[in-house]
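A.B. asks: Return a 3D structure for these sequence lines:
(chains A and B, ligands or ions: 2)
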Amino acid sequence: MAPRDLDRAPRSRGQTEGVSRRAFITASAAVGGGLMLDLSLPLYARSSEGAMSRGPATLNAYIRIAPDNIVTLIAKNPEIGQGIKTTFPMIIAEELDVDWKNVRAESAPYDPRAYGAQFAGGSLSVPMNFEMLRRAGAAGRQMLITAAARMWNVPASELTTEPGVVVHKARNRKVTYGQLAELAARVPPPDLSKVPLKDEKDFRIIGQFIGGVDSPRIVKGEPIFGIDVSVPGMRYAVYEKCPVYGGKFVSANLDEIRKLPGVRAAFPVKGGDDLAGLLDGVAIVADKWWQANKALEKLQVKWDEGPSATHSTEGFAKAAAEIGKQPAGKTIKKDGDVDAALASAAKVVEASYEYPFIAHATLEPMNTTAHYRKDGKVEIWSPTQLPQQAMGLVTKTFGLKESDVTLHMTRVGGGFGRRLSSDFIVEAVAISKEIGEPVKLVWNRRQDLQHDIYRPGGFHFFKAGLDAQGKVVAFRDHFVTFGEDNKPGNSADMGPNEFPATFVPNLDLGLSTIPYRIPTGPLRAPQSNALAFAFQSFIDELAHAAGKDPVEFRLELLGEPRPPEVLQTRFGTQVGFDNGRMRDVVKAVAERSGWGKTQLPKGVGRGIAFYFSHQGYFAEVVQARVSPVGEVRVDKVWIVGDVGKHIINPAGGINQVAGAAIDGISAALGQKITFARGRAVQTNFHEYPLIRMSQAPQVDVHFLQTDHPTTGLGEPALPPVVPALANAIFAATGKRVRKLPIDPAELRTA
Amino acid sequence: MSYTINVNGQSRTVEVEGDTPLLWVLRDELDLKGSKFGCGMGLCGACTVHINGQPVRSCVTPISAVGEQPVTTIEAIGETEIGKRVQEAWLKADVMQCGYCQAGQIMSACALLEKTPQPTDKDIDAAMSGNICRCCTYPRIRAAIKDAAGLPTADTREV
Ligand code: FES
Ligand code: FES
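C.D. replies: Ligands and ions are numbered 1, 2, ... in the order given. As a prediction, the model looks like this:
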């Protein structure tokens, strides 16, 4: 057969639309006479061993097999550095039974009718898709077997596969997948719920260290990120918004701006009131981005700043201190009688904790290229984590139909939750609409830090009682968060299962809100990344007050293993906190780090913390050293995690877990966004420091592979590292970190 | 103004204002998009290129200051022996997460190995601390540099 370029072969994409109830296959005749097998398999999410299920959802896994045995497998979710473009094809390849060296991975276009949910968030890609992708691969394998059975006229039961070939052992003959592809394309697809899956102990690809599929292009600097998009005739733009969130445009020196070198247009854009949507601003369009960005230096805008111009970090702290003295506005969970238990406790411990707003600061700044054509059709190229949201916001903002909009997802230079929002996408579309030309909008770093969708700050007022044996008998948290009338804002909430809920007989979790008008939203391990610091630090205080070893105290608090609750969440049925699994990771991390067995010099200490989030169990030990002037250096982090049975790709898995821990340390050491006169103060990395090579600790990552469903790992390793660090600092100095980021001045001993 | 610079062994002429940073000349005039924009203030290293073999933050280097000096970018670093070894070590260690910082990391690593073929952990800290990795791939960057230098990859810093 003539060689041909698979990527250029015509594919009948439209054929999959509207087909939802049966497996669907197309065999496309391609240029040069080759053939490909397109499996587009609507699969129904089934309960993955009962742990996590979704309502009916369809998934179409595309498998293309070329005559030369090269197999192209499609990854449907955005690639944000979590490695999904490698992981998803690995899962399909495993069941299809092909050699990884013959696999080519491709990112899917945005097409929810063909692919179902396409997003990168919540550490959900693997738990939501693991079994479905296995079935997609297994169905492909079975069709190839059926094709061989027909060709040889033997029962399929006599056939088996080896990587890339169907084998007939009885007659000692083989045929390659490439040779079978054409025939297999005419085989009726099997019932996906019945298609047999491999015995997991036979996995050859899942569990292997496999490098990222795009990495060979990245080391050569190939243009694969959103910011690298180039469209013929494209202009470049910047967009300046009111520094006070939601402020309105009044006037600007636009005539002056229009005269600057390279500037093609400068105009105000009318926005709405959604702080994560299109907001009022001034667009400057130029021949080159540098010219547009430079013109910003001359831009003077008069804004009507509106009511949130009074916001300040100091004001928030004052309000929190006042509110913290009052009873909580809303009860989250109440068990027993906390007041009575406190009154009769042998010891009462009280402390308040505080953490700041922080920004995502993805290294690739927000950007989007958009072309709003004269005929009302819109084409968008964007690094997004959540294309559905982008599509929804674009169609709503501009009164378009989904069929008017084509959205290309590019590789994403860091997500961390920032690109679950689509503010930067509607801005690009608005600018292109005004000028009638394609435009690439790129934010500068100041705009990125000052217009993030922030992780909200928060305040916790704790009070707990210990009995004479040092057992926790009463626990209260009054969480002062941001929101309206005791309704927390986006990612500012706390649930009723926050540990130690249900592990202490008398417990009271409540919250109150400080009104605010600042955009907030999820940042890697939302809520958990902040709550873990407060709760696991305070629990450490209780351990010390009880005169117990922090590991022993935690194991006692966790108690004997008991069956976890089954919870209904917006992601479907999930199994709740399993204290037995947590005990195991706590014990394992103590063991691996040599907890209690190591003599540490003065000024060096170790701390432990654990946290359950995103269905993952993580316990971490941090060793930190604090200099006499209060400078903190983290030497090492030991991590033990339990995310179920499989680490699909340890290459990416370990990298992300280590990265999550260093990321948490980075935030704890230096990051805060402060507000003054309603505006974010920090402008670039000198004011918003990210951790650097010389500060990055050694990380020991270990997984307990348990007989539980495989879940995600991009997020759950982050939360416990922050309190583990704070607890290590206490061990090193006797000083308790109750406010983030860590302030060296507070830790000075000299 | 018209400027002629020597990029990856080729002489290239562009019409730009003299204060235009080399980064934007590379990206938007010469279509060499491997060098990345991260901060624009010399703080993150995403835009690192070599000028005369020295690592330079191209976002704060005006085109007018470049002159005839040879500029090497990530697109051509694989043509050098060290560059090739570093790229291979990067792939072997699977350093990348999002990958956005890695062009700059590789350029800094190559400059380090050019000057210090057998770097210590301290040398690595000194040479690499101008490059931010938001995904925090630092342990693997450290290991890959050592691997490219033919050294054992273990972290030898005090614990
Ligand atoms: S973009 Fe040049 S150092 Fe950050
Ligand atoms: S790999 Fe994402 S910034 Fe370094």
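
A.B. asks: residues in contact with the closest residue to residue A:510 other than its chain neighbours?
C.D. replies: Counting by Cβ to Cβ, 6 or more residues apart in numbering or on different chains, residue A:510 lies nearest to residue A:328, which is 2.6 Å off, once chain neighbours are set aside. Where C-beta positions appear, they are placed from N, C-alpha and C, glycine not excepted. Each residue near residue A:328 by Cβ atoms under 8 Å, 6 or more residues apart in numbering or on different chains is listed here: A:478-479, A:508, A:510-512.

A.B. asks: From those residues, pick the one nearest chain B.
C.D. replies: residue A:479 (28.5 Å; Cβ to the nearest Cβ).

A.B. asks: pLDDT score assigned to that closest one?
C.D. replies: Residue-level confidence at residue A:479 comes out at 98, pLDDT.

A.B. asks: Provide the partner residues of it in its beta bridges.
C.D. replies: residue A:460, residue A:511 (DSSP bridges).

A.B. asks: coming back round to it: looking at the contacts of residue A:328, which is nearest ligand 2?
C.D. replies: The closest of the contacts of residue A:328 to ligand 2 turns out to be residue A:479 (Cβ to the nearest ligand atom; 32.3 Å).

A.B. asks: pretty sure that closest one is in contact with residue A:510, am I right?
C.D. replies: Yes: because the distance of 7.0 Å satisfies Cβ atoms under 8 Å, residue A:479 is recorded as touching residue A:510.

A.B. asks: Now for those two: what residues contact both?
C.D. replies: With Cβ under 8 Å, 6+ apart, residue A:479 and residue A:510 have common neighbours A:328, A:332.

A.B. asks: more crowded one of those two?
C.D. replies: residue A:479 (27 against 20; other Cβ atoms under 10 Å in any protein chain shown).

A.B. asks: List the contacts of the more buried one.
C.D. replies: A:328, A:332, A:458-461, A:494, A:509-512 are the contacts of residue A:479 under Cβ under 8 Å, 6+ apart.

A.B. asks: how's chain A carved up into domains?
C.D. replies: Domain ranges of chain A: A:15-219, A:233-307+A:360-450, A:327-358+A:454-514+A:525-747, per automatic domain parsing.

A.B. asks: Tell me if I am right that residue A:64 is in a strand.
C.D. replies: Yes: using DSSP: H, G, I helix; E, B strand; the rest coil, the assignment for residue A:64 is a strand.

A.B. asks: Check residue 99 and give its pLDDT.
C.D. replies: This is for chain A. 96.

A.B. asks: I was thinking of chain B, sorry if that wasn't clear
C.D. replies: Residue B:99 carries a pLDDT score of 98 in this model.

A.B. asks: So for it, what's the nearest residue that isn't a sequence neighbour?
C.D. replies: Closest to residue B:99 by Cβ to Cβ, 6+ apart is residue A:218, at 4.1 Å.

A.B. asks: Determine how far stretch A:641-656 lies from the middle of the whole chain.
C.D. replies: In terms of Cα atoms, centre = their mean, to the nearest Å, the centre of stretch A:641-656 is set 15 Å apart from its chain centre.

A.B. asks: what about stretch A:430-437 and chain B, touching?
C.D. replies: No: Stretch A:430-437 does not reach chain B (Cβ under 8 Å from any Cβ of the partner chain); its nearest approach is 15.9 Å.

A.B. asks: What residues sit buried inside that stretch?
C.D. replies: A:430-435, A:437 (16 or more other Cβ atoms under 10 Å in any protein chain shown).

A.B. asks: just checking, which of these belong to helices?
C.D. replies: Secondary structure from DSSP state H places A:430-435 of the buried residues of stretch A:430-437 in helices.

A.B. asks: out of those, who's nearest residue B:21?
C.D. replies: Within those, the smallest distance to residue B:21 is 23.0 Å, found for residue A:431 (Cβ to Cβ).

A.B. asks: my guess is that closest one contacts residue A:236, does it?
C.D. replies: No: using Cβ under 8 Å as the test, residue A:431 is too far from residue A:236 to be in contact (10.1 Å).

A.B. asks: what residues are shared contacts of these two?
C.D. replies: The contact sets of residue A:431 and residue A:236 overlap at A:285, A:439, A:441 (Cβ under 8 Å, 6+ apart).

A.B. asks: Apart from its chain neighbours, what residue comes closest to the first one?
C.D. replies: Nearest-residue entry for residue A:285: residue A:265, 4.3 Å, with adjacent residues in sequence omitted and distances by Cβ to Cβ, 6+ apart.

A.B. asks: Pick out the residue of chain B closest to chain A.
C.D. replies: residue B:34 (2.0 Å).

A.B. asks: Point me to the residue sitting closest to the centre of the chain.
C.D. replies: All of this refers to chain A. By Cα atoms, centre = their mean, chain A has its centre lying nearest to residue A:121, at 4.1 Å.

A.B. asks: Wait, chain B was what I had in mind.
C.D. replies: Residue closest to the average C-alpha location in chain B (Cα atoms, centre = their mean): residue B:107, at 2.2 Å.

A.B. asks: that's a strand at that one, yeah?
C.D. replies: No: using three-state DSSP, the secondary structure at residue B:107 is helix, not a strand.

A.B. asks: count of residues packed around the residue nearest to residue A:285?
C.D. replies: 19.

A.B. asks: Equivalent analysis for residue B:18, please.
C.D. replies: Neighbours of residue B:18 using other Cβ under 10 Å come to 10.

A.B. asks: Please give me every residue in contact with the closest residue in space to it that isn't next to it in sequence.
C.D. replies: Counting by Cβ to Cβ, 6+ apart, residue B:64 is the residue found nearest to residue B:18 once chain neighbours are left out, at 3.8 Å. Neighbouring residues of residue B:64 by Cβ under 8 Å, 6+ apart: B:1, B:3, B:18-19.

A.B. asks: can you check residue A:243 too?
C.D. replies: Counted by Cβ under 8 Å, 6+ apart, residue A:243 has contacts A:303, A:450, A:678-680.

A.B. asks: What is the nearest of the residues you listed to ligand 1?
C.D. replies: Closest to ligand 1, out of all of the contacts of residue A:243 and judged by Cβ to the nearest ligand atom, is residue A:450, at 17.1 Å.

A.B. asks: Quick check: phi and psi on the nearest residue to that closest one once chain neighbours are set aside?
C.D. replies: Distance criterion Cβ to Cβ, 6+ apart; nearest residue to residue A:450, sequence neighbours excluded, is residue A:680 at 4.2 Å. Torsion angles at residue A:680 (phi, psi; degrees, to the nearest 10) stand at phi -70, psi 140.

A.B. asks: From what I see, residue A:680 and residue A:674 are in contact.
C.D. replies: Yes: using Cβ under 8 Å, residue A:680 is in contact with residue A:674, at 7.4 Å.

A.B. asks: Between those two, which is the more surrounded one?
C.D. replies: residue A:680 (24 against 16).

A.B. asks: mind listing what the more buried one touches?
C.D. replies: So, once contact is read as Cβ under 8 Å, 6+ apart, residue A:680 ends up touching A:243, A:359, A:449-452, A:673-674.

A.B. asks: Please tell me which one of the residues you listed counts the most neighbours.
C.D. replies: Neighbour max across the contacts of residue A:680 (other Cβ under 10 Å) = residue A:452, 27 neighbours.

A.B. asks: ok, and the closest non-adjacent residue to it?
C.D. replies: That would be residue A:359: by Cβ to Cβ, 6+ apart, it lies 3.8 Å from residue A:452.

A.B. asks: Now do the strands in the stretch 1-150 of chain A.
C.D. replies: Using DSSP state E, counting those that start in this stretch, the strands of the stretch 1-150 of chain A run over residues A:24-29, A:35-40, A:63-65, A:71-75, A:103-107.

A.B. asks: so what secondary structure elements neighbour the shortest one?
C.D. replies: In this structure, strand A:63-65 makes packing contacts with strand A:35-40, strand A:71-75, helix A:125-152, helix A:177-184, judged by 3 or more Cβ pairs under 8 Å, 6 or more residues apart in numbering or on different chains; DSSP states H and E.
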